[in-house]
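Chemist: need a 3D model of the sequence below.
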Amino acid sequence: FLTTRGQGRRRVFAADLEMEGTGQGGGMDITVHFDGACESNPNGTATFGYVIDGLDKPIAVGGLVGSGAGMTNNVAEWHALEMGLKELAEVKASLSLDGSHALLIRGDSQLVINQLTGSWKCNHDHLRAYRDRCKAVLASLDWGWEAEWVKRDGNAEADGLSVKAWEAATGKPSPHRHKG
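Modeler: From the prediction side, this is the model:
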């Protein structure tokens, strides 16, 4: 795998994940941006947002993960990535996209990006389950992929979707992240 220091990017192929073959097609042509939020972290209301770019039309989705016990920012972030990857896998199947595509995953959670790529250990069983499901979806895509950490302002659309989902779920304006 290739690590590009200073840019938060790491190229990962299925062989690095001890999974079967991944296509290493052309440039980054599909991007999944993801974000999660949990106000009153932990045990608050957790929401997610993701945007898939590089298809004929972008896909943008936000929603509720859950409220109360077990909800954290990390759960919301992993949930956002998992939902975005699952949607992409469904789109790939319905459009019969071939293995010549490559994927860029972008998020503002250093924990998710670094645990997904293997730079950091995943010490909690519930987060490891998210990571493993995300890796399984990536393996099923059979595409090369990179994961890149970005600052929140570089992830504004996914962030905005998670904020809107929180506001819709609670009926209140987001106390910390409202984009005026």
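
Chemist: which parts of stretch 63-83 are buried?
Modeler: Neighbour counts using 16 or more other C-beta atoms under 10 Å place 63-67, 71-83 of stretch 63-83 among the buried residues. Where C-beta positions appear, they are placed from N, C-alpha and C, glycine not excepted.

Chemist: residue closest to the middle of the protein?
Modeler: residue 81 (2.5 Å; C-alpha atoms, centre = their mean).

Chemist: what about that one, which helix or strand?
Modeler: Secondary structure assigned from DSSP states H and E places residue 81 in helix 73-95.

Chemist: now that helix: how far from the chain's centre is it?
Modeler: Taking C-alpha atoms, centre = their mean, to the nearest Å, one finds helix 73-95 lying 7 Å from the centre of the chain it belongs to.

Chemist: dump it to CSV, keeping only the CA atoms.
Modeler: The C-alpha coordinates for helix 73-95 follow below in CSV (Å, rounded to 0.1, in the frame of the first residue of the first chain):
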residue,chain,number,x,y,z
ASN,A,73,-19.9,10.2,17.7
ASN,A,74,-17.8,7.2,16.8
VAL,A,75,-20.8,5.0,16.3
ALA,A,76,-22.5,7.7,14.2
GLU,A,77,-19.3,8.1,12.0
TRP,A,78,-18.9,4.4,11.4
HIS,A,79,-22.6,4.0,10.7
ALA,A,80,-22.4,6.8,8.1
LEU,A,81,-19.6,5.1,6.3
GLU,A,82,-21.3,1.7,6.4
MET,A,83,-24.5,3.1,5.0
GLY,A,84,-22.7,5.0,2.2
LEU,A,85,-20.7,1.9,1.2
LYS,A,86,-23.8,-0.3,1.2
GLU,A,87,-25.6,2.2,-1.0
LEU,A,88,-22.7,2.3,-3.4
ALA,A,89,-22.7,-1.6,-3.5
GLU,A,90,-26.4,-1.5,-4.4
VAL,A,91,-25.8,1.1,-7.1
LYS,A,92,-22.9,-0.9,-8.5
ALA,A,93,-25.1,-4.0,-8.8
SER,A,94,-28.0,-2.1,-10.3
LEU,A,95,-25.9,-0.3,-12.9
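
Chemist: helices or strands up against that helix?
Modeler: In terms of contacts (3 or more C-beta pairs under 8 Å, 6 or more residues apart in numbering; DSSP states H and E), helix 73-95 is packed against strand 30-39, strand 45-53, strand 59-67, strand 102-107, helix 110-117, helix 125-141, helix 156-170.

Chemist: got the angle for the first one vs strand 102-107?
Modeler: Spelled out, it's strand 30-39. 20 degrees (axes from the mean of the first three to the mean of the last three C-alpha atoms, to 10 degrees).
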